[in-house]
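A.B. asks: Structure for the following, please:
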Amino acid sequence: MKPSEHTHFLPHFGSRAIADLATDEGEVALLDWLIALREHPSHRDGTPIALHTVRNVASCVRVFLADGAERKIVRRNPSSWVGRPTATCHPSRTRSATGA
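C.D. replies: Alright, predicted model coming up:
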């Protein structure tokens, strides 16, 4: 995993078995984590982490769980229904219609 997954994913789920994440409770926990990740403060200046970082972390977790499902470690990929985070999670960081 990349360093960003070590600081974002592992503190929340590192002690859980991967199969636990494929339960209904695990799916709820993943969704709650993803929502909270959008407001996670950056180490640099304390503002919410960039949307690019949220997308990278979420993508890595989806791949990790998809691999677990493919290898039959989990019965289903609990993140397969999670959509790609959008710019609306950080309205202050989006560009205006003029591109400024």
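
A.B. asks: Only C-alpha atoms from now on, for both contacts and neighbour counts.
C.D. replies: Noted.

A.B. asks: What strand or helix carries the residue most central in space within the chain?
C.D. replies: Nearest to the mean C-alpha position of the chain, by C-alpha atoms, centre = their mean, lies Ala58 at 3.1 Å. Using DSSP states H and E, the element containing Ala58 is helix 51-70.

A.B. asks: buried sites along that helix?
C.D. replies: Across helix 51-70, burial judged by 16 or more other C-alpha atoms under 10 Å covers 51, 54-62, 65-66, 68-69.

A.B. asks: thinking again about what came up before, was I right to think the residue nearest to the centre of the chain contacts Ile35?
C.D. replies: No: checked against C-alpha atoms under 8 Å, the pair Ala58 and Ile35 is beyond contact range at 10.6 Å.

A.B. asks: Which helix or strand lies directly C-terminal to the lowest-mean-pLDDT helix or strand in the chain?
C.D. replies: Here the helix or strand of the chain ranked lowest by mean pLDDT, DSSP states H and E is helix 3-8, holding a mean of 54. For helix 3-8, the succeeding helix or strand toward the C-terminus, using DSSP H and E, is helix 10-13.

A.B. asks: quick one: buried residues of that next one?
C.D. replies: Those would be Phe13, for helix 10-13 by 16+ other C-alpha under 10 Å.

A.B. asks: Identify the residues contacting the next helix or strand after it?
C.D. replies: Per DSSP H and E, the first helix or strand lying C-terminal to helix 10-13 is helix 24-37. With contacts defined as C-alpha atoms under 8 Å, 6 or more residues apart in numbering, helix 24-37 is touched by 8, 12, 20-21, 54, 58, 78-79, 82.

A.B. asks: same thing with stretch 65-74?
C.D. replies: So stretch 65-74 is in contact with 18-19, 22, 75-80, going by C-alpha under 8 Å, 6+ apart.

A.B. asks: For it, C-alpha coordinates in CSV please.
C.D. replies: Provided in CSV are the C-alpha atoms of stretch 65-74 (Å, rounded to 0.1, in the frame of the first residue of the first chain):
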residue,chain,number,x,y,z
LEU,A,65,-11.0,-5.6,-1.8
ALA,A,66,-11.6,-6.6,-5.4
ASP,A,67,-8.5,-8.7,-5.2
GLY,A,68,-9.8,-10.3,-2.0
ALA,A,69,-13.1,-11.2,-3.7
GLU,A,70,-11.3,-12.6,-6.7
ARG,A,71,-9.1,-14.8,-4.5
LYS,A,72,-12.2,-15.9,-2.5
ILE,A,73,-10.9,-14.3,0.7
VAL,A,74,-14.1,-12.3,0.9
